[in-house]
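**Student:** Sharing a sequence plus its predicted fold:
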Amino acid sequence: MELLDGNLIKGTTTFNDIELVSAYGKLIIPASKINHIEIGLGSDKNTSEKAKPILKLLLTSTTDDVRKGAYSDLVKLGPKAIVAINEFLNDGKNIAEENSYTGEYTIENALNEIKATNNISDETPSEDVITMENNYTMGGHYNFTKMEVKTEYGNLSVPKEKIKSIDISVITEAGKGEYIFQLNASKHISGNQNGGWLKTGIQLKAGQHFNITAGGEVTLASLSNNKYKPDGSVKAPGAAEYTKPYGGSEEGDYGAATYASYGQVVYKIGEKSFDNLKAGAKFSGTAKSSGMLLISIYETVYNAGNKGSYSVKINLSK
């Protein structure tokens with residue numbers, strides 16, 4: 001989770017299906033299908049009504065003291081007034097009525113001050129935008145007031161108005177010692193320097209036995225839009241069948257090759273590790289060191305146009 005002040009919060013929370021109210025109706029979206037939420041400016045009817053007479057005054061008055069008070073009142077309305085200000089500025093009737101005032105107390109300067117004070121960029125959407133695993137985006141209103149996040153430093157309650165965006169990696173505890181994760185090709189690529197490795201939160205001890213199994217299909221735009229499976233099998237666009245990676249076999253034992261091939265599930269132990277240890281579609285082994293288990297999809301080049309996902313199951317032994 002990225003906050004408007006630039007801080008990042010990493011932790012876990014519980015998501016129910018997400019209700020998005022769009023211009024075309026209400027949508028219920030399974031949380032497991034979502035990998036990113038961009039929090040928009042939103043519109044607030046009460047704030048908009050307060051902003052209207054202030055904006056009109058700033059449009060028509062030529063008295064500096066009057067404009068100064070109106071300017072201050074508009075800035076105090078904060079980010080919730082941005083949509084109303086933009087709508088006012090984009091209204092052709094208001095442009096036609098614009099006076100010759102050249103001082104500092106203008107609507108545009110008030111808008112810029114609100115944005116600067118609250119770390120809001122020009123790219124911030126007006127609506128909440130949800131991105132699904134296939135890169136399909138939908139805009140609307142995601143109705144929540146705060147996000148409860150459990151972090152390694154304690155539980156945090158983060159108000160929606162403080163949040164810039166949320167990255168979601170679905171974690172399902174299927175049973176005792178068994179966990180299910182979703183690796184999204186649009187994010188979880190080993191070559192992605194910004195969150196390419198999914199932190200499972202699983203703390204392994206040196207010598208501890210664990211299993212990894214994976215299924216699904218991804219399309220890597222960075223590799224000519226070839227399709228891949230977790231074992232590294234690849235199918236070029238237009239090809240009829242998948243081709244096994246070099247040294248592969250039908251049993252899932254991919255030969256004596258030490259290094260991972262493109263599209264395979266890889267893992268490492270410890271955030272600072274530089275390893276890309278091969279897991280593929282089926283792995284059973286022991287931890288060589290103690291630390292958190294991280295997983296990813298192997299590819300040295302990251303492309304946000306990648307599509308699809310793998311479902312990865314991890315089983316632990318005490």
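**Tutor:** On my side now, so go ahead. Everything numeric here is computed off the predicted structure, so don't read it as measured data. Numbering: from 1, shown residues only.
**Student:** hey, let's count contacts and neighbours off CA atoms from now on
**Tutor:** OK.
**Student:** Neighbours of the residue nearest to Ile82 when sequence neighbours are not counted, how many?
**Tutor:** Leaving aside its sequence neighbours, Ile82 sits nearest to Leu111 (Cα to Cα, 6 or more residues apart in numbering; 6.8 Å). Leu111: 19 surrounding residues under other Cα atoms under 10 Å.
**Student:** same deal with the one 5 residues further on?
**Tutor:** Other residues near Ala116 number 11, with proximity taken as other Cα under 10 Å.
**Student:** Same question for the one 4 residues further on.
**Tutor:** Using other Cα under 10 Å, the number of residues around Ile120 comes to 17.
**Student:** Ok, Asp5 next?
**Tutor:** 13.
**Student:** Contact partners for it?
**Tutor:** Asn118, Asn119, Lys162 (Cα atoms under 8 Å, 6 or more residues apart in numbering).
**Student:** Bridged to Ile34, which residues?
**Tutor:** Beta bridges link Ile34 to Met132, judged by DSSP bridges.
**Student:** from memory it sits against Met132, does it?
**Tutor:** Yes. Between Ile34 and Met132 there is a contact under Cα atoms under 8 Å: 4.3 Å.
**Student:** quick revisit: can I get the one helix or strand the residue nearest to Ile82 maps to in PDB? Just the C-alpha atoms.
**Tutor:** Applying DSSP states H and E as the criterion places Leu111 in helix 107-117. The C-alpha coordinates for helix 107-117 follow below in PDB (Å, rounded to 0.1, in the frame of the first residue of the first chain):
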ATOM      1  CA  ILE A 107      -8.700  29.400  -8.700                       C
ATOM      2  CA  GLU A 108      -5.800  27.800 -10.500                       C
ATOM      3  CA  ASN A 109      -3.400  28.700  -7.700                       C
ATOM      4  CA  ALA A 110      -5.800  27.400  -5.100                       C
ATOM      5  CA  LEU A 111      -6.000  24.100  -7.000                       C
ATOM      6  CA  ASN A 112      -2.200  23.800  -7.200                       C
ATOM      7  CA  GLU A 113      -1.900  24.600  -3.500                       C
ATOM      8  CA  ILE A 114      -4.400  21.800  -2.600                       C
ATOM      9  CA  LYS A 115      -2.500  19.300  -4.700                       C
ATOM     10  CA  ALA A 116       0.900  20.300  -3.400                       C
ATOM     11  CA  THR A 117      -0.100  20.300   0.200                       C
END
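**Student:** by contact count, what packs against the longest helix along the chain?
**Tutor:** Criterion DSSP state H: the longest helix present in the chain is helix 45-60. If contacts are counted by 3 or more Cα pairs under 8 Å, 6 or more residues apart in numbering; DSSP states H and E, helix 45-60 sits against helix 64-76, helix 82-89, helix 107-117.
**Student:** among these, which is nearest His188?
**Tutor:** helix 107-117 (31.5 Å; Cα to Cα).
**Student:** Buried ones in that closest one, by neighbour count?
**Tutor:** The neighbour-count check on helix 107-117 (16 or more other Cα atoms under 10 Å) flags Ile107, Ala110, Leu111, Ile114, Lys115 as buried.
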